[in-house]
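Colleague: below are the sequence and a predicted model for it; my questions follow.
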Amino acid sequence: MLNNRTIEIAPSILSADFSRLGQQIEAVERGGAAVLHVDVMDGHFVPNITIGLPVVKSLAGATRLPLDAHLMISEPGRYAAQFVAAGAKMVSVHVEADANLHRTLMSIKAGGAQAGVVLNPSTSLGQIEEALKFADYVLVMSVNPGFGGQQFIPESIDKVRRLRQMIDERRLHVRIEIDGGIDRNNIEKVVAAGAEIIVSGTAIFGTPDPEAAVRDLRSATVQWV
């Protein structure tokens, strides 16, 4: 069922002003954000380098929001449990990067965090068919990973819809997260398709008022709550 769900807005700090990061996190907290999305990039799996374990640990002590660490890194199984230990409450890894996905998901769960699987835009849902039962959530990338501010890929909506059907047919309690180019113009469509955790960066932190931007995105999902 697509109604009576918990829809959560997860601001992505990749788009935040790091010189005012504390203030911006406080603003999205006031706006009603439920999760703080943290993109971890290694310059290898994706062509950009962002933050690592020390920053995640600092963030965990600076916000009341649960941290959602999205590991865009090679060999995520070597580091996933360390991000849990650093304070992340959700840790997701790319199916394209992990040959031992079950083991990595189990290591995340063993630390007390929720374990997620990530799919790039060109990766088939069939790639996670066997892993789905071991995940707490699936993150559908609606842009190619590595940079903020990219344009939303419309075909992602159908992918979310098909993933929702796959989850429901198996009677699994797996949530769907979506990340990439989400704004006021498309959020209703992705939620209607079955997404429940909505990551948004530029549409929140690229505005003069991140607090109001979060409230605006939340207002667009009221009918599904």
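Modeller: Sure thing, it's come through.

Colleague: for the rest of this, base every contact and every neighbour count on C-alpha atoms.
Modeller: OK.

Colleague: longest helix in the protein, please.
Modeller: Longest helix in the chain, counting residues (DSSP state H): helix 156-169.

Colleague: just the CA trace of that helix, in PDB.
Modeller: Provided in PDB are the C-alpha atoms of helix 156-169 (Å, rounded to 0.1, in the frame of the first residue of the first chain):
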ATOM      1  CA  SER A 156      14.000   6.600 -12.100                       C
ATOM      2  CA  ILE A 157      10.300   6.900 -11.400                       C
ATOM      3  CA  ASP A 158       9.400   3.700 -13.100                       C
ATOM      4  CA  LYS A 159      12.400   2.000 -11.500                       C
ATOM      5  CA  VAL A 160      11.000   3.000  -8.000                       C
ATOM      6  CA  ARG A 161       7.600   1.700  -9.000                       C
ATOM      7  CA  ARG A 162       9.000  -1.600 -10.100                       C
ATOM      8  CA  LEU A 163      11.100  -1.900  -7.000                       C
ATOM      9  CA  ARG A 164       8.000  -1.200  -4.800                       C
ATOM     10  CA  GLN A 165       6.200  -4.000  -6.600                       C
ATOM     11  CA  MET A 166       9.200  -6.400  -6.100                       C
ATOM     12  CA  ILE A 167       9.300  -5.600  -2.300                       C
ATOM     13  CA  ASP A 168       5.500  -5.900  -1.900                       C
ATOM     14  CA  GLU A 169       5.300  -9.200  -3.800                       C
END
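
Colleague: check which helices and strands it sits against.
Modeller: strand 137-141, helix 187-193 (3 or more C-alpha pairs under 8 Å, 6 or more residues apart in numbering; DSSP states H and E).

Colleague: name the residues of that helix that are buried.
Modeller: Under the neighbour-count criterion of 16 or more other C-alpha atoms under 10 Å, helix 156-169 has 156-157, 159-161, 163-164, 166-167 buried.
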